[in-house]
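> following is a predicted model, sequence given first.
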Amino acid sequence: MKKLISFLVAAILFYTCFTADAEHFKGMPVVTAPTDIRVTLDGQEIPSVCAFGEMFICADVLDDFGYTLSYDDSVRALIAVKNALPAGSAQKEFNPERPQEVTFSDISVVINGNVFGTAPELVNEGVIPETIVVGGMMYVSANAVSNTPAVSYCDVLGIKWDGRERALRLKDEPSGTKVQQEEAFINPVPENGAELFGWQKGETYEGEGFEIIDCYQSGTPHGTYHHYKYIEDSGRSIYLNPTFRLYNLFSHWGRIEVFDFRIEGRTLYFGSERNLWETGEYKTGEYALDLDTMTVKIISERD
């Protein structure tokens, strides 16, 4: 059903904004298109623009919508984690009818552990971007943040198109109770041809009001791959692998390499191998994941 909704929304926006074809993308620079569509997040209107035939929401104001918002320059990422009710103070003076220049950045936007970014060279080949910069602020595709994940252990925002109100409504809420989240992660159902070869339940690490579950895939050509999910008693959950990967905590074969978990309050301490693939360096050390901000800090490290 979510796939059908995403398809219908994409089709509506395709014709409502402007045609998003490869030739148009190659005609840089791009400006936003005037639109009467409004986007809401958890019932509150969020600044949005139409570009490349899709609606984009302003990531820089997510802290006004009950998110903890952090910028980590070490990985060039703006990281948002939903943790409270909307504050109700988002920017209101915003005119989506006024065309504005669209530019690109190497900054990623991370929402509830899901990483979104843009490769400008791919946009020039007709690939719709996930993030853009408008007026000096980061925007992220509403369609990207609500896409049905490949497998059920990765949560996304709910999406609904209101044709009468000309509104695209996004909703950030748990996809089930804690028990349902556990079941969905431990016994995932393949979607879109996702490969779940050798999937097994591993360790569970208990914290106050939450747990972290390890599931793994064994018998693959490159060894055992581990998957980690953080689940609160409320049912809110975050798949941790994209965050570990954002911080280069993976091996030569792309396996997430984290071990020796230790939970202290709202911090997960762990050992890891870090693959600085751009320079060819490998590091080993102790790291700390802040479970409120989903940012990783280096405690100690050696070559």
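Cool, the structure landed.
> three-state assignment of Leu122?
Applying DSSP: H, G, I helix; E, B strand; the rest coil to Leu122 yields a three-state assignment of helix.
> ugh, typo on my part, it should be Ala80
Secondary structure, three-state DSSP: Ala80 is strand.
> can you list the residue ranges for strands in the stretch 151-300 of the chain?
Listed in chain order, the strands found in the stretch 151-300 of the chain under DSSP state E, counting those that start in this stretch are 158-162, 167-171, 199-207, 210-220, 223-232, 237-239, 258-264, 267-276, 281-290, 295-302.
> packing partners for the shortest one?
Right, strand 237-239. Packing contacts for strand 237-239, counted by 3 or more CB pairs under 8 Å, 6 or more residues apart in numbering; DSSP states H and E, involve strand 223-232. Placement of C-beta: from N, CA and C, glycine included.
> the strand it packs on vs strand 199-207, what angle?
Between the axes of strand 223-232 and strand 199-207, defined by axes from the mean of the first three to the mean of the last three CA atoms, to 10 degrees, the angle is 40 degrees.
> summarise which helices and strands strand 223-232 is packed against.
Applying 3+ CB pairs under 8 Å, 6+ apart, we find strand 223-232 packed against helix 178-186, strand 210-220, strand 237-239, helix 241-246.
> try it again at 6 Å.
The contact analysis (3 or more CB pairs under 6 Å, 6 or more residues apart in numbering; DSSP states H and E) places strand 223-232 against helix 178-186, strand 210-220, strand 237-239.
> most tightly packed of the ones you listed?
Taking mean count of other CB atoms under 10 Å as the contact definition, the stretch among these with the greatest mean neighbour count is strand 237-239, which reaches a mean of 24.
> sorry, back to before: so can I have TSV of the strands of the stretch 151-300 of the chain showing mean pLDDT?
TSV is the format used below for those (pLDDT from 0 to 100):
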stretch	mean pLDDT
strand 158-162	93
strand 167-171	95
strand 199-207	95
strand 210-220	91
strand 223-232	93
strand 237-239	94
strand 258-264	96
strand 267-276	94
strand 281-290	93
strand 295-302	96
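> need the winner for burial among those.
Per-stretch averages of neighbours, counted by mean count of other CB under 10 Å, single out strand 237-239 among the strands of the stretch 151-300 of the chain, with a mean of 24.
> so what's the gap between that strand and the chain middle?
Shown here is strand 237-239, whose average C-alpha point lies 10 Å from the average C-alpha point of the whole chain (CA atoms, centre = their mean, to the nearest Å).
> still on that earlier bit, dump the strands of the stretch 151-300 of the chain to JSON lines, plus distance to Leu78.
Formatted as JSON lines, those follow (distance: least, CB to CB, whole Å):
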{"stretch": "strand 158-162", "distance to Leu78": "21"}
{"stretch": "strand 167-171", "distance to Leu78": "17"}
{"stretch": "strand 199-207", "distance to Leu78": "26"}
{"stretch": "strand 210-220", "distance to Leu78": "24"}
{"stretch": "strand 223-232", "distance to Leu78": "20"}
{"stretch": "strand 237-239", "distance to Leu78": "16"}
{"stretch": "strand 258-264", "distance to Leu78": "23"}
{"stretch": "strand 267-276", "distance to Leu78": "21"}
{"stretch": "strand 281-290", "distance to Leu78": "15"}
{"stretch": "strand 295-302", "distance to Leu78": "11"}
